[in-house]
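Novice: My questions are about this predicted structure, shown below with the sequence.
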Amino acid sequence: MTDHPLAALSLAAFDRMVASTSAFRSRPGQREMAERIATALHNVTLGEHADPEKAIAVIQAGTGVGKSAAYLSTTVALALARKTRVVVSTATVALQEQLMTKDLPALAAALDTPFVYALAKGRGRYVCKLKLERLAGAGEDDSSELFGVDEDAPPPPTAYAKQLKGQDWQDPEERRMALYDTLANALAAGRWDGDRDSLAEQPDPRDWSTVAAERHTCTARHCPLFRNCSYYNARTLLAQAQVIVANHDLVLASLGMKALPELDNCLVVFDEGHHLPAVALDQFSGAMDLTGLRWLDKLPKILHEVAEKMGVAVEQDVITLAQQLKTALLDAGRIAMDLLRGVTDSYDIVHRFPDGVLPEAFMDPMSLIQGHAKGLSEVLEALGAELKARAKEDPTQAAQNSVQYAKLGQMAPKLNSVLGTSAMLLAHDAQPMAKWLKSDTSSGLVSLSAHACPIVPGSLLRHHLWRQVRGAVITSASLTSCGSFDYFLAETGLHRLDHVSTLAVDSPFDYRKQGQLLVVDTVADPRQVENFTREMVATLQADLRLVAHGALVLFTSRAQMKAAVDALDAALLGMVLVQGQLSRARLLGTHMARVEAGQPSVIFGMQSFGEGLDLPGQLCETVFITKLPFASPSDPVEEARSEWLKREGRDPFSELVVPATGIRLLQWTGRAIRTEDDLARVVCYDKRLLSTPYGRRMLKGLPPYAVLRRVGGQIQAVAGSL
C-alpha cells in the first residue's frame, strides 16, 4: 500500500468499483494488480519535459483475476485526477465489446466523477460522404469513373461468395449503384451514421472500399462536407472522451497521426499485450503485387486529368515513367516465376531469400522499380499538396479540389506499397530483413507478390512506441513463458529498461483440485508426422466417445485436423463442429445449444480457438491438445530470424521457439478452467511435454494442475508434478 495521495485515490476507486459489483468474490490477486498500477503510474510525467518520469507495469494476470476492473478503475481515476485521458488497446473485438458494454458502464456507475468513454476505429470503417454523394443516383460530372472499383483486387472472400449462393445473380455495377443509393438515402435521412459496423448487412469489401474514408483520399477540414463527415464526427466524440478503447493495430498505425491522444500525454493500457510483437511486425512490413498491374495504366491518365483541372503542367513524363515501372514489375515477376518454377511445380508457394539477400537477377529490376515509383510518387504528392493548398485558400473551389484529391488518393496506396517494399527489399542492414516471394491461387488466378519484413519486433516497438509512452500497463493472462517474463520483455523491446516492472498475479482458481493435465505417451514420436497423426487420431476418437458434455480439440495444422475429421464415424461426426464450416458465432451458438440440451458436443479448432474462447462449466470439460503448438517451421519471418541468430552464434530453438510455444501452450490450456466452480482436464497427446528438457521447461509455465501420464491405457501420477 502507498501513502501517495494519487495512488490512494486510484485504489479507493478500485475498492468502490468492486464493492458496487454484485456477486463479487474477494480476489487478492486483483487488488495486488491494482496496487501495482497505482504505485507505478501515479508519478509519471505527462506532456513536454526534458527528463520525464516514465513507468510501464507489465502484469500477467491469470484467468479469473478480473484484470479489466483492476486496470480500468485505477487508470481512469488517475487520469481524471490529473485531467488527462486513458487509451485502452486490445487485440480482439470481443474484449472491446466487453469493455464498452460491461466494464466501463460499471465503472461509470461506481465513480462519483462522471467521464465519457468511446470506441476508436480506423478511417476505413466510415463512409466518405463526398464519394458517396458523387456515386449515388445518376452520378455527377465524371463520377462514374472517378472512384472506380479496384480491378486488380481479388474476388470477394469465400464467406461472402457463399452468402451470394442461391441469390439471383445481379450485375456487379448494378449492385454497386443500388448499394450506394441505399447508403446515401439512409445517411441523408439520419437512419445511418456512416459506420460500416452499424449496417444490418455487410457490403462486398470491394464495393465498400470505393466509398471508404481513407486517409489518402481525404482533404480533412478543407473538404466542403467536413462538418458532416462521419469519420470526423466520430473523431469529435473521441476528443470529448476521457477513456478511449482502441486496438493494437490502430494505436501503432496512428503514431504521429494525431488520430488518438499523444502517448506522451495520456495513460495507456495494452490488454491482450502478448499480441504486440506480432502486430508490430505486421504494421512495419511491406508487400507489393507483381501481377495485378492494371492500375499503372490508369495512373498517368489520372495525373494528367487532375493537372489539367488545376491548370498546371506535369513536368515529368508520367506516361513513360508508368510504363517503365510496369515493365520493371513485369520483369521482376517473370524472374520470380522462373525462380519458383525451379523450386516446385506448385503454384502455391512461399520462397524466402536466405540471409535477406536478393538474387543478382532481381537487383536491376528492383532498382528500376524503386526509381520509377519514386518519380511518380513525387508528382502525385506535389499535385496533392497543391490541391490542399488551393482548397484552403479558396473555399469556393473546395468541393472540386477535394474530388480531384480523392481521385489522386486512389492510386497512392498501391504506389506507396511499391515504393516502400522495393526500398525494404533493396536494404542491406546488419540485422537483415525477411524477404520472400509468394505465389498462390486462392482467388482462382495465379497471383505473385514480393514481401519484406523486419525480424525483431522489440527493436520496432522500442523505437516507434516506447520512446513516446510515459505511463502504461501491459497485461494478459499469458505474458510469461516457462515461468519467466524474459522472452516477452525481449520481444516487446522492454528488456533492460529501468522504468519497467513486472508482476505475475496468480489465478484465484485451485488448479490442483479443479483440473488435471493428462499427457498421453504415444508409441510414435510426434516428429514422425504420418505415424504420429495416425496414432493420435485413433486415440482421440476413443477419448471423444467418453465426452459427456462439451469439449474442445485444438490442432496444430489443417492437415492434422482434416485427418481427424476424415476418420470420424457417423456417431462422432454428429457430435463434432469444425472451425470454418460455420461462422464462429453460429458454431459457438450451436455448441451451447447442444450442451444445454444434454447432448455431447465437440469443437475442432486451430490457433484462433486456442485463445479468447470462453466456454465455462459443461461447455468445455475437456481440452484435447493434439500436439505441442510449435509455430510453422516454414514461416518466412521466423525462418529468417532463426537463420540470423544462428549466424550470431545463438540458439534459436532455446531462445525463440521454446518460449513462443510455451506462451501458446499456456493460452491453449487456459481454455479448460474458466470459473472458480469449473472441473476440467487437459489431455495432451504429445509425450515430449514430459519426456524432453524443453517440454518440462514449458510445463513450468503452466498452471499447477495435477499432472498424470497415460501409458498403454494405464494412468500414472507424475512424481514432482506442478
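Specialist: Sure thing, it's come through.
Novice: which sections of the protein are below the confidence cut-off?
Specialist: Low-confidence segments of the chain (pLDDT under 70): 1-3, 23-24, 137-170, 719-722.
Novice: Then L281 would be within a helix, right?
Specialist: Yes - under DSSP: H, G, I helix; E, B strand; the rest coil, L281 sits within a helix.
Novice: Could you count how many residues lie near it?
Specialist: 19 (other Cβ atoms under 10 Å). Using the backbone N, CA and C atoms, a C-beta is placed for each residue, glycine as well.
Novice: again, but for S346
Specialist: 11.
Novice: cool, L690 as well?
Specialist: Counted by other Cβ under 10 Å, the residues lying close to L690 total 18.
Novice: if I've got this straight, V418 is in a strand?
Specialist: No - counting by three-state DSSP, V418 is not part of a strand but helix.
Novice: That one: neighbouring residues, count only.
Specialist: When neighbours are defined as other Cβ under 10 Å, V418 has 29 of them.
Novice: Is it in contact with M288, as I believe?
Specialist: Yes - when contacts are counted by Cβ atoms under 8 Å, V418 is listed as touching M288 (4.8 Å).
Novice: Identify the contacts common to these two.
Specialist: Listed contacts common to V418 and M288 are L329; contacts here mean Cβ atoms under 8 Å, 6 or more residues apart in numbering.
Novice: Report the buried residues of the helix or strand containing A564.
Specialist: Assigned by DSSP states H and E, A564 falls within helix 558-567. Of all the residues in helix 558-567, those buried under the rule 16 or more other Cβ atoms under 10 Å are Q560, M561, A563, A564, V565.
Novice: And stretch 72-82, by the same measure?
Specialist: Within stretch 72-82, the residues that qualify as buried are L72, S73, T74, T75, V76, A77, L78, A79, L80, R82, counting by 16+ other Cβ under 10 Å.
Novice: and of those, the nearest to K388?
Specialist: Nearest to K388 among those: A79, at 34.6 Å, using Cβ to Cβ.
Novice: How about the closest one, nearest residue that isn't a chain neighbour?
Specialist: V86 (4.7 Å; Cβ to Cβ, 6 or more residues apart in numbering).
Novice: again with R696
Specialist: Closest residue to R696 apart from its sequence neighbours, by Cβ to Cβ, 6+ apart: L690 at 6.8 Å.
Novice: next one: E639
Specialist: R352 is the one closest to E639 (Cβ to Cβ, 6+ apart), at 5.7 Å.
Novice: got the contact list for L368?
Specialist: Contacts of L368 (Cβ under 8 Å, 6+ apart): Q324, L325, A328.
Novice: what's next to stretch 705-722, contact-wise?
Specialist: Here stretch 705-722 makes contact (Cβ under 8 Å, 6+ apart) with 511-512, 515-521, 669, 682, 690, 699-700, 702-704.
Novice: can you do 7 Å?
Specialist: With contact meaning Cβ atoms under 7 Å, 6 or more residues apart in numbering, stretch 705-722 is reached by 511-512, 515-521, 682, 690, 699, 702, 704.
Novice: ok, of those residues, which one's closest to R390?
Specialist: Nearest to R390, judged by Cβ to Cβ, of the contacts of stretch 705-722 is L702 at 62.9 Å.
Novice: Could you double-check that the closest one sits in contact with R664?
Specialist: No - the criterion here is Cβ atoms under 7 Å, and L702 misses it with R664 at 11.6 Å.
Novice: Name the nearest residue to G420, ignoring sequence neighbours.
Specialist: Closest residue to G420 apart from its sequence neighbours, by Cβ to Cβ, 6+ apart: G286 at 4.9 Å.
Novice: According to the record, where do the domains of the protein fall?
Specialist: 5-116+241-281+458-505, 125-229+285-452, 511-717 (automatic domain parsing).
Novice: measure the shortest one end to end?
Specialist: Counting by Cα to Cα, to the nearest Å, the length from the leading to the trailing residue of domain 5-116+241-281+458-505 is 25 Å.
Novice: now swap in the last one and tell me
Specialist: This stretch, domain 511-717, spans 15 Å end to end (Cα to Cα).
Novice: Repeat that for the second one.
Specialist: Between the opening and closing residues of domain 125-229+285-452 there is a gap of 27 Å (Cα to Cα).
Novice: How about stretch 264-278?
Specialist: End-to-end distance (Cα to Cα), stretch 264-278: 23 Å.
Novice: What residues sit buried inside it?
Specialist: Going by 16+ other Cβ under 10 Å, stretch 264-278 has these buried residues: 264, 266-277.
Novice: What helices and strands are in contact with the helix or strand hosting A593?
Specialist: Assigned by DSSP H and E, A593 belongs to helix 584-596. Where contact means 3 or more Cβ pairs under 7 Å, 6 or more residues apart in numbering; DSSP states H and E, helix 584-596 is packed against strand 576-578, strand 601-605.
Novice: Now it: buried residues?
Specialist: By 16+ other Cβ under 10 Å, the buried positions in helix 584-596 come out as L587, L588, H591, R594, V595.
Novice: What segments of the stretch 451-600 of the chain are helices?
Specialist: Shown for the stretch 451-600 of the chain, the helices assigned by DSSP state H, counting those that start in this stretch span residues 457-461, 486-491, 511-514, 529-544, 558-567, 570-573, 584-596.
Novice: now those helices in JSON lines, with distance to F624?
Specialist: Converted to JSON lines, these look like this (distance: least, Cβ to Cβ, whole Å):
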{"stretch": "helix 457-461", "distance to F624": "31"}
{"stretch": "helix 486-491", "distance to F624": "26"}
{"stretch": "helix 511-514", "distance to F624": "18"}
{"stretch": "helix 529-544", "distance to F624": "6"}
{"stretch": "helix 558-567", "distance to F624": "10"}
{"stretch": "helix 570-573", "distance to F624": "13"}
{"stretch": "helix 584-596", "distance to F624": "15"}
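Novice: Out of the ones you listed, which gets nearest to L135?
Specialist: Nearest of the helices of the stretch 451-600 of the chain to L135, taken as Cβ to Cβ: helix 584-596 at 31.6 Å.
Novice: Fine by me, we can end here.
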